[in-house]
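Chemist: give the three-dimensional model of this entry:
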Amino acid sequence: MDTMQHYDPELIEALQLIPIGEMINWNDLAAGREFGRQMFEALAANIPDSPNVVKEDQMVPGPPDSPEVPVRIYRPAGSTGVLPGFLWIHGGGYVLGDVAQDDFTVQHFVEEVGCVAVSVEYRLAPEHPFPAPVEDCYAALKWMAEHTGELGIDASRIAVGGASAGGGLAAGLVLLARDRGEVAVAFQLLIYPMIDDRDATQSHENFADAPIWNRESNQNGWQAYLNGNAGSADVSPYAAAMRATDLSGLPPTYIAVGSREVFFDEDVEYARRLAHAGVPVELHVYPRAYHGWEAFAPAAQISQRAIADRDQALKRALHPASV
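Modeler: Sure, this is the predicted structure:
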């Protein structure tokens, strides 16, 4: 049985402050989305934007026969040279979330790493199941690659990243980009990615009642994303990257996961399979950490370490000569 004593003491206090039941309301997703929007809006009102980052919202061409995709572009203020590009994909179990929730995270990347970032507002399930969300992300990535000149991006240094379902979308997107051969991705940053729909690992059982994102939520999220077909034989690897049989030719990869969350087994196994396929991979497992720990308890020592590790990995990948 999973109990609070199994978690890092610095992470436990934050759990008392998180209204997870209102954020993840499977009986009324619209209410949960609105609650999350208002919560992040209230937080943003108390945290000023970085004066060192310029933001711009834009619509870019969507997938064929689909609506345009909203993106938010982040640039270092006053930058005139060419910088690496970073496509960021927000989390939310494939059913929740928006660009605004990660606004400060992406500003942080731009400042700390030195890059031009694009955050994508993909369509959400269950209203828009696979492949709509990953195709929206692909449309944003392709737009980035086709507009590197006006964005001030070095086309040879474009990374893709995301957290949770955003990490799952990032992993699927990078597989899709490899196979379509239109955009070269230099690096993928996968933060506790949601990449296996089969609900069959030991960590799914061990942490079925874990905080933030438990087994039931995971099952519901996958069923929504896969239109009720989660666990079936023909799930696409672009939806669930652990379904991929060939991981060769993928870019260098960073994976971070907590040791006490449902994604532990699938993320560690994905790292192992990437390494066996010849992909340079860096895996970090953070002890006594639940899902999303560094976002919900950013001041904790283990969170500070995770944030620093993540930032340094992205910086090494995008600025190899300067690190």
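
Chemist: now do the strands in the chain.
Modeler: 53-60, 69-76, 83-89, 116-120, 153-163, 187-191, 253-258, 281-286 (DSSP state E).

Chemist: low-confidence ranges, the stretch 1-150 of the chain, go.
Modeler: Applying pLDDT under 70 to the stretch 1-150 of the chain flags residues 1-3.

Chemist: which ones are touching Ile158?
Modeler: 84-87, 141, 144-145, 148, 183-186 (C-beta atoms under 8 Å, 6 or more residues apart in numbering). Quick note: C-beta positions are derived from backbone N, CA and C, even for glycine.

Chemist: one more pass at 7 Å, please.
Modeler: 85, 144-145, 185-186 (C-beta atoms under 7 Å, 6 or more residues apart in numbering).

Chemist: could I get the strands of the chain as a markdown table with distance to Asp311?
Modeler: Below are those laid out as a markdown table (distance: least, C-beta to C-beta, whole Å):
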| stretch | distance to Asp311 |
| --- | --- |
| strand 53-60 | 15 |
| strand 69-76 | 15 |
| strand 83-89 | 12 |
| strand 116-120 | 13 |
| strand 153-163 | 11 |
| strand 187-191 | 10 |
| strand 253-258 | 11 |
| strand 281-286 | 12 |
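
Chemist: those strands: which one's closest to Gln16?
Modeler: The minimum distance between Gln16 and the strands of the chain falls on strand 253-258, with 18.3 Å, by C-beta to C-beta.

Chemist: just the helices in the stretch 51-200 of the chain please.
Modeler: For the stretch 51-200 of the chain, applying DSSP state H, counting those that start in this stretch gives helices covering 103-109, 132-146, 148-151, 165-180.

Chemist: which residues does the third one contact?
Modeler: Outside helix 148-151, the residues within contact range by C-beta under 7 Å, 6+ apart are 85, 116, 144, 155.

Chemist: tell me how far that helix lies from the chain's centre.
Modeler: Put simply, helix 148-151 sits 24 Å off its chain's centre (C-alpha atoms, centre = their mean, to the nearest Å).

Chemist: count the residues that sit near the residue lying closest to Glu22 once chain neighbours are set aside.
Modeler: Nearest non-adjacent residue to Glu22, counting by C-beta to C-beta, 6 or more residues apart in numbering: Phe35, 4.8 Å away. By the other C-beta atoms under 10 Å criterion, the neighbourhood of Phe35 contains 18 residues.

Chemist: how close does Phe35 sit to Arg178?
Modeler: Distance of Phe35 to Arg178, computed by C-beta to C-beta, to the nearest Å: 37 Å.

Chemist: then Pro61?
Modeler: The separation that Pro61 has from Arg178, given C-beta to C-beta, amounts to 22 Å.

Chemist: also Ile195?
Modeler: In terms of C-beta to C-beta, Ile195 sits 15 Å off from Arg178.

Chemist: same question, Ala145
Modeler: Taken as C-beta to C-beta, the span from Ala145 to Arg178 is 14 Å.

Chemist: do Glu34 as well
Modeler: 37 Å.

Chemist: of those two, which one has the most company?
Modeler: Neighbours were counted for Glu34 and for Arg178 using other C-beta under 10 Å; Arg178 has more, 18 against 13.

Chemist: could you pull up the residues touching the residue nearest the centre of the chain?
Modeler: By C-alpha atoms, centre = their mean, the chain has its centre lying nearest to Gly162, at 1.9 Å. Shown in contact with Gly162 (C-beta under 7 Å, 6+ apart): 88-91, 169-170, 191.

Chemist: could you dump those residues into CSV with neighbour count added?
Modeler: Below are the contacts of Gly162 laid out as CSV (neighbours: other C-beta atoms under 10 Å):
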residue, neighbour count
Trp88, 27
Ile89, 32
His90, 24
Gly91, 25
Leu169, 32
Ala170, 30
Ile191, 24
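
Chemist: just these now: which is nearest Lys55?
Modeler: In terms of C-beta to C-beta, no member of these lies closer to Lys55 than Trp88, at 12.8 Å.

Chemist: now that closest one. Nearest residue, chain neighbours left out?
Modeler: Here the residue nearest Trp88, using C-beta to C-beta, 6+ apart, is Ser119, at 4.7 Å.

Chemist: residues near Glu205, how many?
Modeler: Burial of Glu205 is recorded as 12 neighbouring residues (other C-beta under 10 Å).
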